[in-house]
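Engineer: Below are the sequence and a predicted model; questions follow.
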Amino acid sequence: MNRLLTNLNPKIIRATISKNHYYHSMILPSKCSSKTTMFNQQNSLNQMIQKRGMKLANEKLLRKMYWRKRSFDAKPERLRARSEWQDWDFGSELYAFAQRLQEPQLNNDILIRLFTHRSYVNEQKSKQESLGVQNVSHQLEDNSEFIQSGSIFMRKFLSKYLRYHLRQAPEECIQSLVDYLMSKTVMQDISKWIGCTDLVLCSEFPPNEQTLADTVSSIVGALIQTNGGGEKRAQNFIIDFICTYLNGRDPLEIWRIDQMDLNLEIFLQNQNPNLKCESRILRQSAIDTIESCFIVGIYSNDDDNPKLLGQSSGESLSIAKRMAELDAFRRIFGLTISNIRFEFGKRAYDLEYDKYDRENFHLFQSSSPKQEEKLRQISS
């Protein structure tokens, strides 16, 4: 179209019609007069507004097809796999999948194996036995080994990744976040978004959630066994596709510390016998009404320099005190929104995660040196 308009010496004229109808600029030859640019309102509306609906010639046919589909003798269309259609090319889809993940080292042989589940192999074996084939031998290898190695590697790396970013959090918090990232809900959602639903080879269709979740573990296991830095590629895959599910999430929404029987005063005494806390009413309003509000703060017991450990509001003193204790736990564990800075993408590829292979402190065990140092900073 641009080639057709280059020789017309175009002149852009904006035609504005009454009743606040505005239309796109029209490109007209310069020889046209201004009178020719004025259109009748009805004709211009017919030209500019896109017509919707069915053609009159097809009206009867389309109406019959619609009502025939809703009639009593119409059968619901069977849910069919994408591989049943004639234009399906499994090899091309596998190549496109590897390019989509930017992992060209995954050849078709590895991809076929990581998508082949044990249920599919057993189904093919039973089909051949039903046909009377003797001494059935299969060359297909399932992805059980990939799933096992991928799950172990994911749990180990996710723990180190979270310990790097949440250095003051207890190990219970770290493992709770790892369980969330490796849950069936998250893993099957990842599998759908990267396009594994149509590529999975299993006995059922559509694949269930567990099958899709195992496929992601199989991908990680396949990346580990590739040549040229397989573990590094697997780590980058986990950072890009799995760790990003923590972006914008509050860790305390996943690790429900409010449902745990934790007492702030007992916790502080276990960490440091000389460290105690007390609650104080900071502000209150609308007392003895249905809209009462209390703001309670938790302070350390240092008379010279008491420090605010946490504060929160509530409709009663007991609720406000409990919420203030939870806020104090959030600050002690470094789980405030300002402290959490998860790194993703290329900036997270070369971080030193191996230094955080050791577990953090546990809530119900003796304190670690890092936690004692943090508590000394709070009390000082």
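Structural biologist: Okay, I see it. Numbering: from 1, shown residues only.
Engineer: pLDDT weak spots in the stretch 201-350 of the chain?
Structural biologist: 302-304 (pLDDT under 70).
Engineer: Give me the domain ranges for this protein.
Structural biologist: Segmentation of the chain into domains, based on automatic domain parsing, reads 2-43, 91-247+353-364, 262-352+365-379.
Engineer: Buried deepest among the ones you listed, which one?
Structural biologist: Ranked by mean neighbour count, those are led by domain 91-247+353-364 with a mean of 17 (mean count of other CB atoms under 10 Å). C-beta: built from backbone N, CA, C; applies to glycine.
Engineer: re earlier: of the domains of the chain, which approaches residue 83 most closely?
Structural biologist: domain 91-247+353-364 (7.1 Å; CB to CB).
Engineer: Determine how far that closest one lies from the middle of the whole chain.
Structural biologist: The chain centroid and the centroid of domain 91-247+353-364 are separated by 15 Å under CA atoms, centre = their mean, to the nearest Å.
Engineer: Next: stretch 345-361.
Structural biologist: Its chain's C-alpha centre and that of stretch 345-361 lie 21 Å apart, by CA atoms, centre = their mean.
Engineer: sorry, back to before: nearest approach to residue 85 belongs to which of the domains of the chain?
Structural biologist: That would be domain 91-247+353-364 among these, by CB to CB, at 10.3 Å.
Engineer: could you dump the domains of the chain to a markdown table with distance to residue 77?
Structural biologist: Listed next are these as a markdown table, based on distance: least, CB to CB, whole Å:
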| stretch | distance to residue 77 |
| --- | --- |
| domain 2-43 | 41 |
| domain 91-247+353-364 | 14 |
| domain 262-352+365-379 | 41 |
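Engineer: so which of those gets nearest residue 64?
Structural biologist: domain 91-247+353-364 (32.1 Å).
Engineer: Grab the nearest non-local neighbour of residue 327.
Structural biologist: residue 310 (3.5 Å; CB to CB, 6 or more residues apart in numbering).
Engineer: List phi and psi for that neighbour.
Structural biologist: In terms of degrees, to the nearest 10, the main-chain angles of residue 310 are phi -170, psi 160.
Engineer: for residue 211, same thing?
Structural biologist: Backbone torsions of residue 211, given as degrees, to the nearest 10, read phi -60, psi -40.
Engineer: roughly how far apart are it and residue 118?
Structural biologist: Look at residue 211 and residue 118: by CB to CB, to the nearest Å, they are 10 Å apart.
Engineer: Could you do residue 241 as well?
Structural biologist: Residue 241 sits 24 Å away from residue 118, going by CB to CB.
Engineer: Residue 214 too?
Structural biologist: Taking CB to CB, one finds residue 214 at 10 Å from residue 118.
Engineer: shared neighbours of the two, anything?
Structural biologist: Contact criterion CB atoms under 8 Å, 6 or more residues apart in numbering; residues shared by residue 214 and residue 118: residue 143.
Engineer: For the residue nearest the centre of the chain, give its distance to residue 88.
Structural biologist: Nearest residue to the geometric centre of the chain (CA atoms, centre = their mean): residue 245, 3.9 Å. Residue 245 sits 31 Å away from residue 88, going by CB to CB.
Engineer: Helices of the stretch 201-350 of the chain, start to end?
Structural biologist: 209-224, 230-241, 251-254, 264-271, 317-332 (DSSP state H, counting those that start in this stretch).
Engineer: between the second one and helix 209-224, how big is the angle?
Structural biologist: Using axes from the mean of the first three to the mean of the last three CA atoms, to 10 degrees, the direction of helix 230-241 lies 140 degrees away from that of helix 209-224.
Engineer: so after the helix or strand hosting residue 157, what's the next helix or strand?
Structural biologist: If you go by DSSP states H and E, residue 157 is part of helix 144-165. Downstream of helix 144-165, the next assigned helix or strand under DSSP H and E is helix 171-181.
Engineer: list the helices and strands that following helix packs on?
Structural biologist: Contacts defined by 3 or more CB pairs under 8 Å, 6 or more residues apart in numbering; DSSP states H and E place helix 171-181 against helix 144-165, helix 251-254.
Engineer: In contact with residue 262, which residues?
Structural biologist: Residue 262 makes contact with 325, 329, 363, according to CB under 8 Å, 6+ apart.
Engineer: got the contact list for the first one?
Structural biologist: Which is residue 325. Contacts of residue 325 (CB under 8 Å, 6+ apart): 262, 263, 264, 298, 310.
Engineer: Closest one of these to residue 146?
Structural biologist: residue 262 (39.7 Å).
Engineer: For the closest residue to residue 294 other than its chain neighbours, give its distance to residue 262.
Structural biologist: Spatially, and ignoring its direct neighbours in sequence, residue 294 is nearest to residue 320 (4.4 Å; CB to CB, 6+ apart). Remark: distance between residue 320 and residue 262 (CB to CB) = 17 Å.
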